[in-house]
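Engineer: Kindly return the folded structure for what I paste below:
(chains A, B, C and D)
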Protein chains: 2
Amino acid sequence: MATMTHRQRGLTTIRDVAAAAGVSIGTASKALRGQGSLRDETRLRVREAADRLGFRPNDLAQSLHRKKSFTVGLLSNDSYGRFTIPLLEGIEQSLASAGVSVFVCNAFDDTAREEKLIDSLLSKRVDGIIVTSRRTDPRTAVDLHNAGVPLLYAFTRVQSEEAFCLVPDDLGGARLGVEHLIKNGRRRIAHISGPERFESVRLRRDAYQAVLQEHGLPHDSSKVLIGAWSESWGHEAVAKLFGGGATGHDIDAIFCGSDQIARGVVDALRERGVRVPQDVAIVGFDNWEIVAAATRPPLTTIDMNLQELGREAGSAVLSMIDGGHRTGTIRIPCKLVVRDSCGGRAS
Amino acid sequence: MATMTHRQRGLTTIRDVAAAAGVSIGTASKALRGQGSLRDETRLRVREAADRLGFRPNDLAQSLHRKKSFTVGLLSNDSYGRFTIPLLEGIEQSLASAGVSVFVCNAFDDTAREEKLIDSLLSKRVDGIIVTSRRTDPRTAVDLHNAGVPLLYAFTRVQSEEAFCLVPDDLGGARLGVEHLIKNGRRRIAHISGPERFESVRLRRDAYQAVLQEHGLPHDSSKVLIGAWSESWGHEAVAKLFGGGATGHDIDAIFCGSDQIARGVVDALRERGVRVPQDVAIVGFDNWEIVAAATRPPLTTIDMNLQELGREAGSAVLSMIDGGHRTGTIRIPCKLVVRDSCGGRAS
DNA sequence: TTAGGCTCGGAAAAGCTTTTCCCTTGCCTC
DNA sequence: GAGGCAAGGGAAAAGCTTTTCCGAGCCTAA
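Structural biologist: Here you go, the predicted model:
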């Protein structure tokens, strides 16, 4: 059987196809790629042979020739969090439609490991590299040793002027949330958020203060509580805020830095007999479906459009591969998702 | 400058290194790989040149030659869920230590897309393929067209006798949970779980019933509630179970099919004034940290060891690449994580 | 009838590394 | 001083595909 001629590990090469079709290798290639000038009859014969033999061109050889691997590396840096998933999904979506595959790897915040992985990606001749997720904020730049490979940062930022970064528009997102509260008639708005070392915490707080100021509302620094990203910090913060009991009257809304915090806040308020949204309206951040929708009442929150951000990152890296040069930071708009925690829907 | 001789897109080839060191290509290769017999002086000179030029061997060419790409494909099938993350982490851990990289791709449950992706992976000459995650349970087998590429299923199962699958030991895990409840003196145990079409739901229920039987405890089918994976189903199920009010005395523990369900259950019980764990003890499933630890009281639950499962999958695929042939289904043991929802720790 | 042009298909190089095989050179020993 | 052996290093093929260039027919038109 011709099938067996060159098969090792069950792989058919274009040689086998050419032999089976009785043409030269070059001709076979042309027939399959639709290049050159060949008789239809020849083309057909080659294609038919290829099908019969289950021929599948070797991308390795093809890439070697083309000097392009149709591959990009995704270097994740802290542990894959829930943010990485939609991001990855978006990236894959836009890359897959261009026939580009993605190598994922995780440096687990170890710089030495990160360098090794970058090295390995460069050796694999990826056409581009996307770095995502961070511990320090902004993070330190990745060194590509002038390999001339496009590099971009997604969902993380880096100082260098040369770098190209895609991040959510925290400022705009936070505005959306606070303005929504004001639009719903709230005036005494507190803010509970995560650790200050995150840029997003700082930006969201800035936006919160700016919006209050613009509306001539008091912004009292005792109503800004910076802590952790956890549900339990939400509880704790409520205790601080509503401590005495009477102080509760000072607050008719809370803008939270994450849905997890918001959930802790909502639960803590319920336990104190404070009604959400009647007495206090809540806005979360992240639109982490599984938390936001399960909270009672379901959370009105800000969605960072991470999947969209991923898609943008994907198409950006594609355009950079095609020679486009980009620098600076692009901020992807967030959107407000209205559920029930502000009474916005019912009213 | 020698550096520039052959550089295009900033890439140095072994040619450049050889030229810079004044040796032939073959010699350069030997020097860098530590093969052949060369004078130390020569080796050094070549290495030094390679360093100076930033030489990085082209994996594409190497793979082509070696007929091995040091690459495996990970085909995820329904949307990346929270289970995919630890799995991916584990897989990557064991593969990275062997210098193998992973291509991830997601078919989003579209069979046509799945076939395309498999095709693309085969064209890329991956050394192995791991398929994970499922919608239908067990799922249909993947067709590799006899490409002779090792294939294994992780966290999903397939009917074929030929297939090799790695899944959590749901049966054993559920036993752990129910036995823990019994050990803590509970006798009237209910079970609330997800949709029946999941094998894990069926297995966990089977284990639940078996354990009750073994301990001579009544197992009343009205105490088994099959529904959805959500928190709200937990609420709903509690309403059914404790509906009248007096019926509550029939139950002193609930084994839940997931942590999300368990959280809904705990919240619902608290609202009814039923104390956890004093009146009713709860065991969850998944050890989804972010839910289990935030529940009040924190959930005692079953951990599926997904990261371990991922590591096993990684090393299994490595051994299959090395020629090992494996079939059948391996069930990775679960472990009990004790927190406070059973009173196990306090007592 | 011959020259020019067109069509079809083959040969070979390029892309990069590894490995095998062989040649050269130098040194040692007889 | 010559032969032999070892060590060092080079040439070339292999691995697979693509693409360029070229040649061989054949047809047509002068």
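Engineer: any idea whether the spatially most central residue of chain A is helix, strand or coil?
Structural biologist: Centrality entry for chain A: nearest residue to the mean C-alpha point is A:Leu87, 2.6 Å, by C-alpha atoms, centre = their mean. Here A:Leu87 is helix, with the state taken from DSSP: H, G, I helix; E, B strand; the rest coil.
Engineer: isn't it right up against A:Asn305?
Structural biologist: No: applying C-beta atoms under 8 Å as the test, A:Leu87 and A:Asn305 come out as separate, 10.5 Å apart. C-beta: built from backbone N, CA, C; applies to glycine.
Engineer: circling back to that earlier point, tell me which element the residue lying closest to the residue nearest to the centre of chain A once chain neighbours are set aside falls in.
Structural biologist: The shortest distance from A:Leu87 to any non-neighbouring residue, by C-beta to C-beta, 6 or more residues apart in numbering or on different chains, is to A:Gly310 (4.3 Å). For A:Gly310, the element it lies in under DSSP states H and E is helix A:306-321.
Engineer: Tell me who's in contact with the residue nearest to the centre of chain A.
Structural biologist: Listed by C-beta atoms under 8 Å, 6 or more residues apart in numbering or on different chains, the contact partners of A:Leu87 are A:Thr132, A:Ala154, A:Phe155, A:Leu306, A:Gln307, A:Leu309, A:Gly310, A:Ala313.
Engineer: do you know how far it is from B:Ser133?
Structural biologist: 18 Å (C-beta to C-beta, to the nearest Å).
Engineer: in the stretch 101-250 of chain A, which ranges drop under the pLDDT threshold?
Structural biologist: A:135, A:244-249 (pLDDT under 70).
Engineer: Taking the contacts of A:Leu87, tell me the two that lie furthest apart.
Structural biologist: A:Thr132 and A:Gln307 (13.3 Å; C-beta to C-beta).
Engineer: neighbour-wise, which of those two wins?
Structural biologist: A:Thr132 (25 against 17; other C-beta atoms under 10 Å in any protein chain shown).
Engineer: and the gap between that one and A:Ser230?
Structural biologist: For A:Thr132, the distance to A:Ser230 - C-beta to C-beta - is 23 Å.
Engineer: Which helix or which strand is home to A:Asp206?
Structural biologist: Using DSSP H and E, the element containing A:Asp206 is helix A:199-214.
Engineer: for that helix, packing partners?
Structural biologist: The helices and strands touching helix A:199-214, judged by 3 or more C-beta pairs under 8 Å, 6 or more residues apart in numbering or on different chains; DSSP states H and E, are helix A:170-183, strand A:189-193, strand A:224-226.
Engineer: Touching it from outside, list them.
Structural biologist: A:137-138, A:157, A:168, A:170-175, A:178-179, A:182, A:189, A:191, A:193-196, A:218-219, A:224, A:226, A:255, A:257, A:285.
Engineer: follow-up on the earlier one: which stretch among the helices and strands packed on helix A:199-214 is buried most, on average?
Structural biologist: strand A:189-193 (a mean of 26; mean count of other C-beta atoms under 10 Å in any protein chain shown).
Engineer: can you give me the helices in chain A?
Structural biologist: A:14-21, A:25-33, A:40-53, A:59-66, A:84-96, A:111-123, A:170-183, A:199-214, A:231-241, A:259-271, A:289-292, A:306-321 (DSSP state H).
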